[in-house]
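1. Could you look at this predicted model? Sequence included:
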Amino acid sequence: DTAVSQTPKYLVTQMGNDKSIKCEQNLGHDTMYWYKQDSKKFLKIMFSYNNKELIINETVPNRFSPKSPDKAHLNLHINSLELGDSAVYFCASSPSLNTGELFFGEGSRLTVL
Amino acid sequence: GQNIDQPTEMTATEGAIVQINCTYQTSGFNGLFWYQQHAGEAPTFLSYNVLDGLEEKGRFSSFLSRSKGYSYLLLKELQMKDSASYLCAGGYNFNKFYFGSGTKLNVKP
């Protein structure tokens, strides 16, 4: 069983479209994250949630809207996609806010044309 | 964020030892993490240092000096499968993790 799973793995879409990426973890963790990894392989935190509550919003444009229906799920919706949104988006989880080891999903490669 | 700096790329020979350095901003710092990321895959956790000193885990060791804002990852008895990117990440207040850009390690026969 995959610990942190995200779908879809690949997403190709046109500029201006709206898309969603889903993430689920079966580790019983309290905290979940979204990271963006650009073409230079730089991993940058976007959001973190703890028990469905938003903890970190790292100056991400409001076209990006995370939603956590329960602590095992953290979805990412992106409106009005732009070319610069092309990247690999990684979902991750950790046992709690105060423990640091992150468990990453396999990533979702988004290509905006 | 938090000025996490590490070399972009390194090359080493199979069987050798390599040290990957990382410096970070000390304000609000809680702990230092190392992750390994193979091309096209997710990062996987390697080590965590919160106190000064060396943590050893098999062929991999990680060192931390909090006063100097410095860490290194030491890989011994290099194997071809160790070719990957190694990401240094600093844990800061409010559970914020900032990653360096990664060091791409090329292991040659």
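-> Noted; the coordinates are in hand.

2. So which helix or strand of chain B has the lowest pLDDT on average?
-> For chain B, using mean pLDDT, DSSP states H and E, the weakest element among its helices and strands is strand B:96-99, scoring a mean of 86.

3. Restrict the lowest-mean-pLDDT helix or strand in chain A to CA atoms and write it as CSV.
-> Lowest on mean pLDDT, DSSP H and E among the helices and strands of chain A sits strand A:53-57, with a mean of 87. Extracted C-alpha coordinates of strand A:53-57, given in CSV (Å, rounded to 0.1, in the frame of the first residue of the first chain):
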residue,chain,number,x,y,z
GLU,A,53,-6.4,23.5,9.7
LEU,A,54,-4.2,25.7,7.5
ILE,A,55,-0.9,26.4,9.2
ILE,A,56,1.4,27.7,6.4
ASN,A,57,0.6,29.6,3.3
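
4. quick revisit: where's the helix or strand just after the least confident helix or strand of chain B relative to the chain centroid, distance-wise?
-> Past strand B:96-99, further along toward the C-terminus, the next helix or strand under DSSP states H and E is strand B:103-108. In terms of CA atoms, centre = their mean, to the nearest Å, the centre of strand B:103-108 is found 13 Å from the chain centre.

5. thinking again about what came up before, what strands flank the least confident helix or strand of chain A, and is each parallel or antiparallel?
-> Using DSSP bridges, strand A:53-57 pairs in its sheet with strand A:43-50 (antiparallel).

6. For residue B:93, give me its contacts.
-> Listed by CB atoms under 8 Å, 6 or more residues apart in numbering or on different chains, the contact set of residue B:93 reads B:28, B:30. Using the backbone N, CA and C atoms, a C-beta is placed for each residue, glycine as well.
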